[in-house]
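Chemist: the following block contains a protein sequence and its predicted model.
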Amino acid sequence: MILKLVFLLTFVTFACFALSTEEGSKVIPSWTHVEVLLDRSGSMYSTREDALGGYNSMLEKMKQDALQKKEQETRKLTWTLNMFNHQYKPGEPQVISECKALGLDDYTTNGNTALLDSTGKMLMDLEEKLKDENVQVLVMIITDGQENASKEWTNASVKKLVTRLEEQGWKFIFSAANQDAFTEGTKYGFKANQNFKQTKRGYQTMFASNARNVESFMKSGSLVDFERNKENKKAST
């Protein structure tokens, strides 16, 4: 009887361990897609060269990393740059190695900020394009102003969509200047929010952080900078 009990306890312990190990492991798809939504409203005009410099630096780092690891890994990274002011300007998805740096002629800044409409349209289009695909998705939204021109989407409707996509494994980074990114991002359902200063260094720091998070997301499905922030907050409480 005692031997049976010991055997049963041993079996239950092993089964629980195996189950937790299986649940804790995560299979990362070999294909990662990054969708970028970049503000090009009139308020970006005075710092557009700094914005371009930061964005191009991030893009070049992603391209160089993909080139260096080409022979070692079979992972694929695709990238789409969309822009918006009071109108949404969709981009075309490309393999990262084929993405070209932005020039001043590519990045005209004017108009108002239809952030909600642009986010909603972008996410709905992307979800349709990627349905039934084994791909992990990271969405970056970069803006310097608050919403002031949307007509179709609301905070609630965007938040509902973002929440549903996050439940499917999508990740979002909301980078904002001239506002409280954490308060504004939470309104839209984003969990990874960061403020940045509208200076050359501010843009460089923000885009460098985003580059690190892309690399981390490709390898582990997590956003390294934001996970560190969570751990730091836990340690301080």
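Modeler: Sure, I can see it.
Chemist: buried residues, the helix or strand residue 55 falls within. List them.
Modeler: According to DSSP states H and E, residue 55 maps onto helix 48-68. Across helix 48-68, burial judged by 16 or more other CB atoms under 10 Å covers 50-59, 61-63, 65-66. In this view, the C-beta of every residue, glycine as well, is placed from N, C-alpha and C.
Chemist: ok, of those residues, which one's closest to residue 86?
Modeler: Ranked by distance to residue 86 (CB to CB), those are led by residue 51 at 18.1 Å.
Chemist: the nearest residue to that closest one once chain neighbours are set aside and residue 53, how far apart?
Modeler: Using CB to CB, 6 or more residues apart in numbering and skipping residues adjacent in sequence, the residue nearest residue 51 is residue 203, 5.6 Å away. In this view, residue 203 and residue 53 are 7 Å apart by CB to CB, to the nearest Å.
Chemist: residue 137 and residue 78, how far apart?
Modeler: 10 Å.
Chemist: look at those two and report which has more neighbours.
Modeler: Between residue 137 and residue 78, residue 137 has the larger neighbour count (other CB atoms under 10 Å), namely 22 against 17.
Chemist: residues in contact with that one?
Modeler: For residue 137, the contact set (CB atoms under 8 Å, 6 or more residues apart in numbering) comprises 32-35, 126, 130, 165, 169-171.
Chemist: what about the residue nearest to residue 54 when sequence neighbours are not counted, which SS state?
Modeler: Closest residue to residue 54 apart from its sequence neighbours, by CB to CB, 6+ apart: residue 203 at 3.4 Å. Under DSSP: H, G, I helix; E, B strand; the rest coil, residue 203 falls in the helix class.
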